[in-house]
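Student: 3D, please:
(chains A and B)
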Amino acid sequence: MLKLPIYLDNNSTTPMDPRVLEAMTPYFLEHYGNAASRNHPFGWQAEEAVDYAREQIAKLIGADPKEIIFTSGATEGDNLGIKGVYEMYASKGNHIITATTEHKAVLDTCKHIEKTGGEVTYLQVKPDGLIDLKELEAAIRPTTILIAIMYANNEIGTVQPIREISAIAKKHGVLLFTDAVQAVGKVPVDVNKDGIDLMAFTAHKMYGPKGVGALYVRRKNPRVKVTAQMDGGGHERGMRSGTLNVPGIVGFGKACELCMQDMEADTKRISKLRDKLETELMKLEEAYINGSTEHRLPHVTNISFKHVEGEGLLMGFNKNIALSSGSACTSASLEPSYVLKALGLGDDLAHSSLRFGLGRFTDEEQIDYTVKAISETVLKLRDMSPLWEMYKEGIDLSKIEWAAH
Amino acid sequence: MAYSEKVIDHYQNPKNVGTLDKNSKNVGTGLVGAPECGDVMRLQIEVDDATGMITDAKFKTFGCGSAIASSSLATEWLKGKSIDEALTVDNMDFVEELNLPPVKIHCSVLAEDAIKSAINDYRVKNGMDSIKFEESVVH
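Tutor: Numbering: from 1, shown residues only, chains lettered A, B, ... in the order given. Below is the predicted model:
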């Protein structure tokens, strides 16, 4: 039986896996100790649980457990990783290279750094969402200390050539930070093979709880340090003070273990469903996939349906299907997705986009329902769209002088 | 953000979707908004020459649910009104009737602009001056 509403917004957050909740539960009521309490069994149990989770997490990304710094989530990880390097390596330089399609937590952190005297280069991306490696290398200066490029994009799922990027970083003695929120647990990420120096990721995008994440900080070749952004008890090797969220960390560890165990089977199944969804929706006229289809996460697609507006489109089915749109009609600015615009999409196509994030609990019946509901709504709204009518009459919409609004 | 029931009703059962012959002397067409802004409204009125009454109104809208609802409501209000009466429709009428939240006020402004633009188109076609309107405040 199909249960509504259907959740296809897994890039925003994933539901918790019940196995994760099960692992967490004892750490709320029975083992509630502070992992930093060294003098009694409550503290020992908590510390043991945290250590175990640290191993589970490290294993998923090919790291050493000592390289895992727990945070409250990826926004904190992005801030700590970037600001922490900027401050720690101030004597080496003040220049950071990032890209225009990064998450706001990276972009706004970089803007903050610019205000304090740092210099930031924002690389443009190609129409498929990938950065140009030659441009990256050309942007490196003697003062460059960090390259901050995301592993995979949250709106279009484009996976950056992280190994080529890290090779360039290494060649020039620059550190590589990556926001890998969407990639960890979904595709194989290995900090050594990939050559990553710092990496932010979070539990709630991989069927774990909200409010807990990690920053990977390399300890060997080279040994990387970040300046703490919060002062306090000196937890996490002095890089991140604050009592550890033990149940959250236990859940995070379990989520990583499950991702490691299920990744291959999940990917196979989910990518098949994604491909079906995409193939069926692309049967509609004037539908366009945004971003690379070659270098892409297995569970993501982003499609623009020309001449229908995204929010209006969502309204046709959002009681029954949870999705995101690149249109931002609700925001005061009316600015559509900056990521889609960075690909070179016109505002009209950016306004017409839907982002699909499938997940571990998506099934074929849900996809069939979604295809039908979206196709019907697109057709209905096109019948109602003056732009569609003009397009069908062969009018070039780009030549019309639209009334200022 | 939750939509009001009236917006949902107009979205699900829009009134007077369609196209009138824009070349007809009796038809006034207003096309407002821009694809880049995420809303384009086309509102058309058919006017009885003898009486000056609006006998038919049709719309097509590219936009969010509130934009669709505002234009659907506009066609309902216009039918049976004289041109002069139609000019008194104000954007706040839409805001009140549809319970539009502040972020959607631009939809109501667009609907008012569409009405005025359609009336002006009709006036110009029939040898009258187009009326100059004050700039709407919210854009």
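
Student: Which positions in the biggest helix by length in chain A come out as buried?
Tutor: Secondary structure assigned by DSSP state H gives helix A:246-281 as the longest helix of chain A. Neighbour-count burial for helix A:246-281, counted by 16 or more other Cβ atoms under 10 Å in any protein chain shown, picks out A:246-260, A:263, A:266-267, A:269-271, A:273-274, A:277-278, A:280-281. Placement of C-beta: from N, CA and C, glycine included.

Student: Which ones among the residues you listed also lie next to chain B?
Tutor: With Cβ under 8 Å from any Cβ of the partner chain as the criterion, the buried residues of helix A:246-281 include none near chain B.

Student: Okay, now the sheet partners of the helix or strand that the longest helix of chain A is followed by, with direction.
Tutor: Next helix or strand after helix A:246-281 toward the C-terminus (DSSP states H and E): strand A:287-289. Neighbouring strands of strand A:287-289 in its sheet, by DSSP bridges, are strand A:300-305 (antiparallel).

Student: Just want the angle from the strand it pairs with to helix A:246-281.
Tutor: Using axes from the mean of the first three to the mean of the last three Cα atoms, to 10 degrees, one finds that strand A:300-305 and helix A:246-281 are set 40 degrees apart in direction.

Student: So which residues on chain B come close to chain A?
Tutor: With Cβ under 8 Å from any Cβ as the criterion, chain B comes near chain A at residues B:1, B:3, B:8, B:11, B:14, B:17, B:19, B:31-42, B:60-65, B:67-68, B:103-104, B:106, B:110, B:113, B:117, B:139.

Student: at 7 Å what do you get?
Tutor: Proximity of chain B to chain A, by Cβ under 7 Å from any Cβ of the partner chain, involves residues B:1, B:3, B:11, B:14, B:17, B:19, B:31-38, B:40, B:42, B:60-65, B:68, B:103, B:110, B:139.

Student: distance between the longest helix of chain A and the chain's centre?
Tutor: In terms of Cα atoms, centre = their mean, to the nearest Å, the centre of helix A:246-281 is found 14 Å from the chain centre.

Student: name the helices or strands packed onto that helix?
Tutor: Applying 3 or more Cβ pairs under 7 Å, 6 or more residues apart in numbering or on different chains; DSSP states H and E, one finds that helix A:246-281 contacts helix A:18-24, helix A:26-29, helix A:41-61, strand A:300-305, helix A:364-383.

Student: What's the mean pLDDT across the shortest one?
Tutor: In this case it means helix A:26-29. The pLDDT scores in helix A:26-29 average 96.

Student: same question, the last one
Tutor: If you average the pLDDT over helix A:364-383, you get 98.

Student: pLDDT of the helix or strand just after that helix, averaged?
Tutor: Where DSSP H and E defines the elements, the next helix or strand beyond helix A:364-383 is helix A:386-392. Helix A:386-392 carries an average pLDDT of 95.

Student: Mind listing residues that contact helix A:386-392?
Tutor: The contact list for helix A:386-392 (Cβ atoms under 7 Å, 6 or more residues apart in numbering or on different chains) reads A:307, A:382, A:397, B:19, B:31, B:35, B:40, B:42, B:60-62.

Student: Out of these, which end up buried?
Tutor: With neighbours counted by 16+ other Cβ under 10 Å, the contacts of helix A:386-392 contain buried members at A:307, A:382, A:397, B:31, B:35, B:40, B:42, B:60-62.

Student: Tell me where the model's unsure across chain A.
Tutor: A:327-334, A:404-405 (pLDDT under 70).

Student: Got the domain ranges for it?
Tutor: For chain A, automatic domain parsing gives the domain ranges A:6-11+A:263-397, A:18-259.

Student: could you dump stretch A:203-219 to CSV, C-alpha only?
Tutor: The C-alpha trace of stretch A:203-219 is given here as CSV (Å, rounded to 0.1, in the frame of the first residue of the first chain):
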residue,chain,number,x,y,z
ALA,A,203,24.8,12.5,10.4
HIS,A,204,21.4,13.6,9.3
LYS,A,205,22.1,13.3,5.6
MET,A,206,22.9,9.6,6.0
TYR,A,207,20.0,8.3,8.1
GLY,A,208,21.5,9.5,11.4
PRO,A,209,20.2,12.1,13.9
LYS,A,210,20.3,15.8,13.4
GLY,A,211,22.6,18.0,15.4
VAL,A,212,25.8,16.0,15.1
GLY,A,213,28.5,16.0,12.5
ALA,A,214,32.2,15.7,12.1
LEU,A,215,35.2,17.5,10.7
TYR,A,216,37.9,15.3,9.5
VAL,A,217,41.3,16.9,10.1
ARG,A,218,44.4,15.1,8.7
ARG,A,219,47.1,14.2,11.1
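
Student: Measure how far that stretch is from the centre of its chain, please.
Tutor: With Cα atoms, centre = their mean, you get 12 Å for stretch A:203-219.

Student: Just give me the neighbour total for the spatially closest residue to residue B:60 that is not a sequence neighbour.
Tutor: Closest residue in space to residue B:60, ignoring its immediate chain neighbours: residue A:386 at 4.0 Å, by Cβ to Cβ, 6 or more residues apart in numbering or on different chains. By the criterion of other Cβ atoms under 10 Å in any protein chain shown, residue A:386 has 25 neighbours.

Student: was I right about residue A:205 contacting residue A:14?
Tutor: Yes - with contact defined as Cβ atoms under 7 Å, residue A:205 reaches residue A:14; the gap is 5.8 Å.

Student: Just want to know which of these two has more residues nearby.
Tutor: More crowded of residue A:205 and residue A:14, by other Cβ under 10 Å: residue A:205, with 27 against 24.

Student: so who does the more buried one touch?
Tutor: Contacts of residue A:205 were listed using Cβ under 7 Å, 6+ apart, and they are A:13-14, A:181-182.

Student: Could you single out the nearest of these to chain B?
Tutor: Taking Cβ to the nearest Cβ as the measure, chain B lies nearest residue A:13 of the contacts of residue A:205, at 18.6 Å.

Student: show me the contacts for the closest one.
Tutor: Here residue A:13 is in contact with A:204-205, A:210 (Cβ under 7 Å, 6+ apart).

Student: now, which of the residues you listed lie within helices?
Tutor: Among the contacts of residue A:13, no member is found in helices (DSSP H).

Student: Could I get the contacting residues of residue B:116?
Tutor: Per Cβ under 7 Å, 6+ apart, neighbours of residue B:116: residue B:133.

Student: which SSE is it in?
Tutor: For residue B:116, the host element (DSSP H and E) is helix B:105-125.
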